[in-house]
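[1] here's a sequence, model it:
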Amino acid sequence: MKNFTLSLFAVFCFLISINGYSNDFIGSWQLVSGEYVNDKNELVDYADADMNSIKILSASHFSFISKSGDKFWAAGAGNYQFDDKTYTETPIHTSYAIPKGSKYSFQYEMIGDQWHNSRWKEGKRVEYEVWRKLK
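    Below is the predicted model:
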């Protein structure tokens, strides 16, 4: 009986551990604001580019489509992973050229229904986005 109780306790702990880490990313997201450093090393505000975007995340995959004004800007889809501080996308399909196996890692923070993320390269912030979760 003692072994059965210990085994049952171990299974219970395992189930809690795999389900205990909630995934707040799952859902649909609307871009609220942001900025990025372009290929000329200039900071571009998404508002100035009239950028709008929707991103949809399942438990393990993402997809997005972005427009600048009324014109198509970019789209992509792939896998993602996260921990308590970092969100990393591994694009599989994109409308723009990227080296195979590219990854984009962001430091993030969830604040209410908003997701704030920053991407850094060589100590310089090259992208900042604020997304709002859609209901």
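[2] residues contacting I92?
    With contact taken as C-beta atoms under 8 Å, 6 or more residues apart in numbering, I92 is in contact with A77, G78, N79. For glycine as for every other residue, the C-beta is placed from the backbone atoms N, C-alpha and C.
[3] I'd say the second one and H93 touch.
    Yes - the pair G78 and H93 passes the contact test of C-beta atoms under 8 Å, sitting 6.8 Å apart.
[4] residue ranges with poor pLDDT in the chain?
    Segments of the chain classed as low confidence (criterion: pLDDT under 70) are 1-21.
[5] what about the residue most central in space within the chain, which helix or strand?
    Nearest to the centroid of the C-alpha atoms of the chain, with distances taken as C-alpha atoms, centre = their mean, sits Y87, at 5.4 Å. Following DSSP states H and E, the helix or strand that holds Y87 is strand 86-94.
[6] and the helix or strand just after that strand, which strands flank it?
    Next in sequence after strand 86-94, counting helices and strands by DSSP H and E, comes strand 104-111. Taking DSSP bridges as the criterion, strand 104-111 forms sheet pairs with strand 86-94 (antiparallel), strand 114-121 (antiparallel).
[7] out of these, which gets nearest to D45?
    Closest of the strands paired with strand 104-111 to D45 is strand 114-121, at 14.9 Å (criterion: C-beta to C-beta).
[8] buried ones in that closest one?
    Applying a neighbour-count criterion of 16 or more other C-beta atoms under 10 Å, one finds W115, H116, N117, R119 buried in strand 114-121.
[9] can you tell me which of these lies closest to I98?
    Set against I98, the nearest of those by C-beta to C-beta is R119 (13.8 Å).
[10] any idea how far Y46 is from Y36?
    Applying C-beta to C-beta, to the nearest Å, one obtains 8 Å for the distance of Y46 from Y36.
[11] neighbour count winner among these two?
    The residue with more neighbours, out of Y46 and Y36 and counting by other C-beta atoms under 10 Å, is Y46; that gives 20 against 17.
[12] for the more buried one, what are its contacts?
    Remark: with contacts taken as C-beta under 8 Å, 6+ apart, Y46 is in contact with L31, S33, G34, E35, Y36, E129.
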